[in-house]
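> starting from these lines, generate the structure:
(chains A, B, C, D, E and F)
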Number of protein chains: 6
Amino acid sequence: MSKVLTLGELLLRYSTNQGEQLSQASSLNLHYGGSEANVAIGLSSFGHEVKLLSKLPDNAIGQGAIYQLKRFGVNTNDIHFAEGRMGSYFVETGAGPRATSVVYDRKYSAFSFVEANEWDYDTIFDQVSLFHVSGITPALSPALAQLTIDFVKAAKSRGVLVSFDSNYRGKLWSLAEASAVFAKILPYVDYCSMGTLDALNILGIEAADSAYSEEEALAYYYQKMQEKYPNIEVFYSTRREVVSSDENYLTGTLWMDQTYYTSKKYHIPYIVDRIGGGDAFSAGVLHGLLKGQDAQEIIDFATGNTVLKHTVAGDALGLSEKEVAAFVQSDSSKISR
Amino acid sequence: MSKVLTLGELLLRYSTNQGEQLSQASSLNLHYGGSEANVAIGLSSFGHEVKLLSKLPDNAIGQGAIYQLKRFGVNTNDIHFAEGRMGSYFVETGAGPRATSVVYDRKYSAFSFVEANEWDYDTIFDQVSLFHVSGITPALSPALAQLTIDFVKAAKSRGVLVSFDSNYRGKLWSLAEASAVFAKILPYVDYCSMGTLDALNILGIEAADSAYSEEEALAYYYQKMQEKYPNIEVFYSTRREVVSSDENYLTGTLWMDQTYYTSKKYHIPYIVDRIGGGDAFSAGVLHGLLKGQDAQEIIDFATGNTVLKHTVAGDALGLSEKEVAAFVQSDSSKISR
Amino acid sequence: MSKVLTLGELLLRYSTNQGEQLSQASSLNLHYGGSEANVAIGLSSFGHEVKLLSKLPDNAIGQGAIYQLKRFGVNTNDIHFAEGRMGSYFVETGAGPRATSVVYDRKYSAFSFVEANEWDYDTIFDQVSLFHVSGITPALSPALAQLTIDFVKAAKSRGVLVSFDSNYRGKLWSLAEASAVFAKILPYVDYCSMGTLDALNILGIEAADSAYSEEEALAYYYQKMQEKYPNIEVFYSTRREVVSSDENYLTGTLWMDQTYYTSKKYHIPYIVDRIGGGDAFSAGVLHGLLKGQDAQEIIDFATGNTVLKHTVAGDALGLSEKEVAAFVQSDSSKISR
Amino acid sequence: MSKVLTLGELLLRYSTNQGEQLSQASSLNLHYGGSEANVAIGLSSFGHEVKLLSKLPDNAIGQGAIYQLKRFGVNTNDIHFAEGRMGSYFVETGAGPRATSVVYDRKYSAFSFVEANEWDYDTIFDQVSLFHVSGITPALSPALAQLTIDFVKAAKSRGVLVSFDSNYRGKLWSLAEASAVFAKILPYVDYCSMGTLDALNILGIEAADSAYSEEEALAYYYQKMQEKYPNIEVFYSTRREVVSSDENYLTGTLWMDQTYYTSKKYHIPYIVDRIGGGDAFSAGVLHGLLKGQDAQEIIDFATGNTVLKHTVAGDALGLSEKEVAAFVQSDSSKISR
Amino acid sequence: MSKVLTLGELLLRYSTNQGEQLSQASSLNLHYGGSEANVAIGLSSFGHEVKLLSKLPDNAIGQGAIYQLKRFGVNTNDIHFAEGRMGSYFVETGAGPRATSVVYDRKYSAFSFVEANEWDYDTIFDQVSLFHVSGITPALSPALAQLTIDFVKAAKSRGVLVSFDSNYRGKLWSLAEASAVFAKILPYVDYCSMGTLDALNILGIEAADSAYSEEEALAYYYQKMQEKYPNIEVFYSTRREVVSSDENYLTGTLWMDQTYYTSKKYHIPYIVDRIGGGDAFSAGVLHGLLKGQDAQEIIDFATGNTVLKHTVAGDALGLSEKEVAAFVQSDSSKISR
Amino acid sequence: MSKVLTLGELLLRYSTNQGEQLSQASSLNLHYGGSEANVAIGLSSFGHEVKLLSKLPDNAIGQGAIYQLKRFGVNTNDIHFAEGRMGSYFVETGAGPRATSVVYDRKYSAFSFVEANEWDYDTIFDQVSLFHVSGITPALSPALAQLTIDFVKAAKSRGVLVSFDSNYRGKLWSLAEASAVFAKILPYVDYCSMGTLDALNILGIEAADSAYSEEEALAYYYQKMQEKYPNIEVFYSTRREVVSSDENYLTGTLWMDQTYYTSKKYHIPYIVDRIGGGDAFSAGVLHGLLKGQDAQEIIDFATGNTVLKHTVAGDALGLSEKEVAAFVQSDSSKISR
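The predicted structure is shown next:
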């Protein structure tokens, strides 16, 4: 298995039970997450040696986040501690026609005050095969934007593969800000999670022919994005059809070897927890790429992993490769076509 | 915003968790409700100044009901306290094909012993724009039937609008008893929640032509009811298609300006709590009428409010006008047509 | 083992978690109890064949009470069902200096409407060794007072031993009312749970010499009560020193063979649930009497049983004779002297 | 009502809440069950006098199982106690596409060490109308296989009806082992729960014509099985269509008087707990047979009972005949056809 | 009853169950509090008309705080809403020798950004009898320090009584900073909660003669503080002896009319929740002063109120005057002397 | 920090909430523990590199145990997996005079089938400073007794320090069996947790002079044990005075450099969870010895650690050295002398 490095913020999630309003809750459920941390937990559970770089408040809340990572075998030795708070968010779980709603409280976090030179690149990249980061990290502050750019350059210059998940969040920065920063990151990226909206809004790809089916359009966008950044070997994203808060259809898609691959379409009639679904998908794709699997195998495995994530509470899914593979094999009869 | 007065009993609801039988429960969830109280909470949350008249036992249970009302801003200053008990009911929450079942324990309540002259009409109606009451209040005792009649007359004579929700409950009185009392109330009513069954069974309207669609029939009944009571400007009710205990389709309907209006048909694939749905609908309609909105706006808002009620545990829904309006706007893509 | 008959009301108890106020609870814990039912469960668990006569509402709540009795092997075949409600009460669990407080809601219960001739004496007393009833049953209505008198006479005339626990409840009737009814019951009683307050307030025994220690006074009252009712062979009661809601000292006392017996004084530094403590004591005493144990053995066992009751949530304690005996043996080293 | 005897193991089930992984649970829900125990509870709740023979560890866990049985009126007087453990299993409740998964921990149980001559046949079969056992009991050890054979012979020789539910469990024994033992049991059986897979894999019936519909094939297998064992009067099983972990369609089928009977097809859109569904079905069928109902009535009642079981948590369903009958009547409008 | 105005921050508290570590919690209990809010709730429950001035984030968390205040009748009409977060803190509940520990996360709150002129003094002080503020409010920012000074001056100039509770928090500012600000506030104060540590560390009173008993010393400090600020009519504070996290002794003390008053010493053997104890004491003292009770009555009532607070979970206690008075009367026998 | 190796079984604990009986529980709390695992977690949390050798069932329950160890940083790479079950035990939490009771279900565990040669000594002892094992491991089977003897010899021969905690369990083996095996282990031990009962019953030391105080006697036994096994440098144990289930006094004792050391006597008035207290004490002592602290420092730290364990739920305590040290410093004022 491979050595993987990732950089990102840890967040504390508070969520209500279904049917309960946030404004009237007398207790809340706790989960620790964060886009890169979720990917780290996924890859660690698949057997890779994964280290997360982050910064946490030096208190019991920060310690709770450390426990969550160690539980799944993620190396936390280079996480720094500082005065400050931990970013958090509140989730009022939706039901049926009422969508899940989120209240953010992530400003002023210890991580958002990270400056340059927190970590020594030569030490930190030693023996690393892959570096992964999402677009949330550079969105948190100009210093973090610069740090992210420095990291992908440092990785590239040391022969480390670079994985990037756009994860555009309109509450953190504007499309223009994201575009400017992404333009400095993408030339160093090997694997990239981006889809239709990213192509249109961030990369400025011309809209697909309106006669195209949704799938044809997505293949077109993948192709155009790759033309723009030929260094990026692999693009991937999920297609989600939302029936209600509780019910979705989900398909994984992958662009690799200039070819568009897709998984079966899964029906998820009862969603337990959708948060972290994209990260579980990324973990699945990166695992397949690191193992050198073929494209169809990769997309089937990754889609199985994200579907399973929807059936389990919590931001991160820590199933073994064997468990996910068993799911991908087994439930074909129950899958919507 | 307007000043609203309402009169009704508060009930304590005990409910099981889903999948649990009442006879085997070791704990029960508590909610305070009551048809008029639920409407009061809805209207108060929409910004109106609402006072509820009621009678409660002078103990911690009665105090709990007061807290629930005050939490949502309902004025409780004229609620009386007495020796006695609080009406309650037990709910064994259904699942799939098993319907929710209810065990009533509301007899002998402090409220059921209310006699005439509990409140002084001149004081209580001062500045009030609207008086609302449901058919449950007069069903509780002959004295309460008389008191309800007195109230609607007192309201009318002071230029206060009268709102009435039939809410016929077979466990409280017979159709004949209800018909006799309603006949004394309806001549004073301005806004009325009644539907097909009320028209047929209580008002004795002749059955609609069997060739009519369900919607045409409802419009027919609204028209006939209005012919019988031309003083009633507005009729409204919901149409519910029950797939299972957990899944319903819901449409709001309104008769106003001699015209039949209907909302979109909402799909509620996972019902959290159906109780109080009708009251949330009434609160929505009355809010629109008090604000002088047009008919389509009223029925859309009210239906959104009752659909949201189905996704939240508890008898009363206390969302703001802004929150309900946001829901009505947003989820158009997810609504079943 | 022996065949025991008892007659009494079943109640549904709602209780808060410690530190929670009743007026603000969002869920409540449920326990089924009732003085005679608790004794029945205790005796059944000790191996006796016990039948409870009662009347329950014909609904899921009544069924829940049946389950609770059957669980512990109490024969419920002659419990009647009727329209109506089940008596209940609310318990706000105390903490430290704040005492536990109780709100009753037991009026109008199905049981309180019991009339004469609900059960046929010849059938019901067949093979019965002991009939037990508490002073709560006759307090519920004049009809029940008469029924209780009829029952003790019917028992006596058939050679059945009669056990009576005064259980005076000021919320149910006055001391004068209780005195009048008890005077008709006590001439038929063999075993009686009464203490200092009963002697003074109900039987009108002259106050003990003020120089007496508390124990000497109690022995004096036992003796005087027995002089008044020589038919009563055994008197018993517990002496409780209340340090706080959570902490009591408890001693069992017994008057038998004209002699005063006492158990060790137990320290209960953390009370889980005090309700039903007296009934557990009665069950222990009656078990010993039915087995023909000697007085010291009886009072030690009964006191152990009531002490254990204080450490377990719920109205009734259903431990086996072996479990109680093991406790009485084992913890001598931990007992306060 | 009739006297019924059954023999089988009691198991302790630990289950997660939905959305929770077993490996990360910090608490688990407890239910006591066992195939024959579940049937016993069902029949007892329908009014029959049912005794379960079993062997339990002599500790609080064994006592917990006894309480569960007594709660529903099952006679536990001839359950034996021994050193040892209680078989248990862990259930990670599925959600949507993720199936429920089970981890067994039932080896070395007190029951699995049962030897011959635990019970005296003459005593135990006295007045018994029906003896019921499932294929799990003989699967637990060679001694239990022999004991099961002895029991069905002893029943037969005393004119007691014999009911057998194949309940083949691949984790307990091979098809070959089961076939050999079943061949010694089936000649004594009157009522038998077996379906397509049993016919093919255990009885070696030739596969049905591939042109047959699923229903025609099942009728064919029933007929062939009856030809092989003409002593068996009644065969029955359910047909289940699995949409997802949470959603099934269910139909009951019955072969009686050489005729194939089927219930309505029920839609269960939200399954609370599927475990024990087959036992609830058996209880329903056996109840109808014992009452001498006609075939259609039997299959409708039994199917209603198993559908209700899917909506209630726990292995056994203890509804009364009246409650099940009310369900079968009432919800016709909500049933999928 | 009187009209009371107060100004302060609302905080969201997260707390563990006893025996659970914060770093390992999977859910947390929620309570809304804040020193001035707790006093407001107390006074409102005693029947006064209380308005709280504050600033909250415009989201569901802010709304939750509003609900908590309205539930107890506190007027929230002049609370402002803004972008931002709500201050919070985490409580790891202690047990026995392990003290309760607190992690603060209150920086950058919406309230901490309050500037001058948020409220118009003439409007806000109309008809107000008493203005209350604690030393936490001026500690939150220099702007809030100035605003607090402005408020007490504005109150004074309008003839409004001024109540001040020092509430020194070392985590918010230094003793020197507090001293400087308090020096500008205290000349306008009428009622003041300060004790030994405040006298020594903030007001710089010379240490009491070491021969003094603790009580004599406290009386000396009260006298000296009053000599320094003769405008302050009343001083009060509690004396707490800590046996363990769960067990304290508590005595209320009051300096009024140049005399030292003290309550009985209460034993609290099992503390449910100590947070808000000081605020409950202040509410009790202010209630007595507003009612014009005599000093002993005041200190007895206030001490009873704070003792009760220790037995109830949550920051604020909302008992009625009658309930507190009943407690003060009743439990004399259980109180440690 | 040092590298530590340990060998032992992992157990799954099920426990009731306080006041609940095991036989009536509907859910149970889960904790993973095991004497050596608890020590491993303690030492890992103090900063040592700790590896646990064990054998687990290859299922979700085994995986749960792995998560618990990894969470606290214990190296699980050499834990083996096998068919089989995981040992477990049930805890009915005591209250006041009722002691906590335990039901074991640990027979037939995967670990109990461990044979010789599961691990290669040269690999496994590489760089290890200390090997720790308790007397539970050899008690589980003759093969494990031999394996334990082999391990201590292999450690000794490689210059690895050997730590042994007698942990005699009468339910696992007889005193004679333990004595025979311990006699083969103790000659290789450096640090040993044994106390008065071990000295008397297992090592056969002559009883101390009855005039000795309890402390003098313990010092005598330490001295005599050391005379018998001069290779053992350090002995240690705790002295516990049991007031009730909830309340103990605790003192740590240490024999080192031929001198008897003792900690302060701690009062634990409210015990949250006593299980694992001895292991927390061992972890504290071993940490001090590995760091080369002086004897008083060691015993103070270790006693603080075990006292803290009593205030936290779960078998293992994972506090940092800093947290424990802070506790030892801080609470001197609250400690009973």
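> check which helices and strands the host helix or strand of A:Phe281 sits against.
Element membership for A:Phe281, per DSSP states H and E: helix A:277-291. The contact analysis (3 or more Cβ pairs under 8 Å, 6 or more residues apart in numbering or on different chains; DSSP states H and E) places helix A:277-291 against helix A:35-45, strand A:130-134, strand A:161-165, strand A:191-193, strand A:234-244, strand A:247-256, helix A:295-309. Just so you know, the C-beta spots here come from the backbone N, C-alpha and C atoms, and that holds for glycine as well.
> please identify the most buried of those.
Highest mean neighbour count among the helices and strands packed on helix A:277-291 (mean count of other Cβ atoms under 10 Å in any protein chain shown): helix A:35-45, with a mean of 28.
> need the contact partners of that one.
For helix A:35-45, the surrounding residues in contact (Cβ atoms under 8 Å, 6 or more residues apart in numbering or on different chains) are A:4, A:6-10, A:50-52, A:54, A:65, A:68-69, A:72-74, A:132-134, A:136-137, A:165, A:167, A:276, A:278-280, A:282-284, A:286-287, A:290, A:305, A:315-320.
> ok, 7 Å please
Helix A:35-45 is touched from outside by A:4, A:6-8, A:10, A:50, A:52, A:69, A:72-74, A:132-134, A:136-137, A:165, A:167, A:276, A:279-280, A:282-283, A:286-287, A:305, A:315-320, with contacts defined as Cβ atoms under 7 Å, 6 or more residues apart in numbering or on different chains.
> same question for stretch A:110-118.
Residues from elsewhere that reach stretch A:110-118, judged by Cβ under 7 Å, 6+ apart: A:9, A:54-57, A:80, A:82, A:84-87, A:140-141, A:143-144, A:146-147, A:150.
> give the contact list for A:Leu308.
Applying Cβ under 7 Å, 6+ apart to A:Leu308 gives the contacts A:Leu317, A:Leu319, A:Val324, A:Phe327, D:Arg98.
> mind checking the SS state of the third one?
Spelled out, that is A:Val324. Here A:Val324 is helix, with the state taken from DSSP: H, G, I helix; E, B strand; the rest coil.
> from A:Arg239, how far out is it?
Distance, A:Val324 to A:Arg239, by Cβ to Cβ, to the nearest Å: 20 Å.
> list the contacts of A:Gly252.
Contacts of A:Gly252 by Cβ under 7 Å, 6+ apart are A:Thr238, A:Thr262, A:Ser263, A:Phe281, A:Ile299, A:Ala302, A:Thr303, A:Thr306.
> which positions in chain A make contact with chain D?
Neighbours of chain D within chain A, by Cβ under 7 Å from any Cβ of the partner chain: A:266-270, A:272-273, A:307-308, A:311-313, A:327, A:331, A:334.
> from these, pick the one nearest chain B.
A:Tyr270 (7.7 Å; Cβ to the nearest Cβ).
> list the contacts of the closest one.
Here A:Tyr270 is in contact with A:Asp246, D:Ala95, D:Gly96, D:Asp246 (criterion: Cβ under 7 Å, 6+ apart).
> run a quick neighbour tally on the second one.
For D:Ala95, the number of neighbouring residues by other Cβ atoms under 10 Å in any protein chain shown comes to 25.
> just give the nearest non-adjacent residue to the most centrally placed residue in chain A, would you?
Geometric centre of chain A, nearest residue: A:Asp279, 3.2 Å, by Cα atoms, centre = their mean. Spatial nearest neighbour of A:Asp279, excluding adjacent residues (Cβ to Cβ, 6 or more residues apart in numbering or on different chains): A:Asn38 at 3.5 Å.
> swap in A:Asp58?
A:Phe81 (4.0 Å).
> part of a helix, is the one you found?
No. Under three-state DSSP, A:Phe81 sits outside any helix and is assigned strand.
> how many neighbours does it have?
Neighbours of A:Phe81 (other Cβ under 10 Å): 15.
> got a pLDDT number for it?
Looking at A:Phe81, its pLDDT stands at 97.
> okay, it and chain B: tell me how far apart.
39 Å (Cβ to the nearest Cβ, to the nearest Å).
> beta partners for that residue?
Per DSSP bridges, the residues bridged to A:Phe81 are A:Leu56.
> before we move on, what about the one 4 residues further on?
Applying DSSP bridges to A:Arg85 gives these bridge partners: A:Ser109.
> give me the neighbour count for it.
Neighbours of A:Arg85 under the rule other Cβ under 10 Å: 27.
> isn't it right next to A:Asp105, touching?
No. Counting by Cβ atoms under 7 Å, A:Arg85 stays clear of A:Asp105, with 8.9 Å between them.
> ends of stretch A:226-235, what's the gap?
End-to-end distance for stretch A:226-235: 8 Å, by Cα to Cα, to the nearest Å.
> cool, stretch A:180-196 as well?
Across stretch A:180-196, the terminal residues are separated by 18 Å (Cα to Cα).
> and the residue of chain A found nearest chain F, what is it in contact with?
When distances are taken as Cβ to the nearest Cβ, chain A reaches nearest to chain F at A:Arg71, 4.1 Å away. With contact taken as Cβ under 7 Å, 6+ apart, A:Arg71 is in contact with F:Tyr67, F:Lys70, F:Arg71.
> rewinding a little: so which of the helices and strands packed on helix A:277-291 comes closest to E:Tyr188?
With Cβ to Cβ as the measure, helix A:35-45 is the member of the helices and strands packed on helix A:277-291 nearest E:Tyr188 (51.9 Å).
> what average pLDDT does whichever helix or strand comes after the closest one get?
Downstream of helix A:35-45, the next assigned helix or strand under DSSP H and E is strand A:49-53. Taken as a whole, strand A:49-53 has an average pLDDT of 98.
> is chain F contacted by strand A:49-53?
No. Residues of strand A:49-53 contacting chain F under Cβ under 7 Å from any Cβ: none, with a closest distance of 12.0 Å.
> ok now stretch A:305-323, how far from the chain's centre?
On the basis of Cα atoms, centre = their mean, to the nearest Å, stretch A:305-323 sits 13 Å off its chain's mean C-alpha point.
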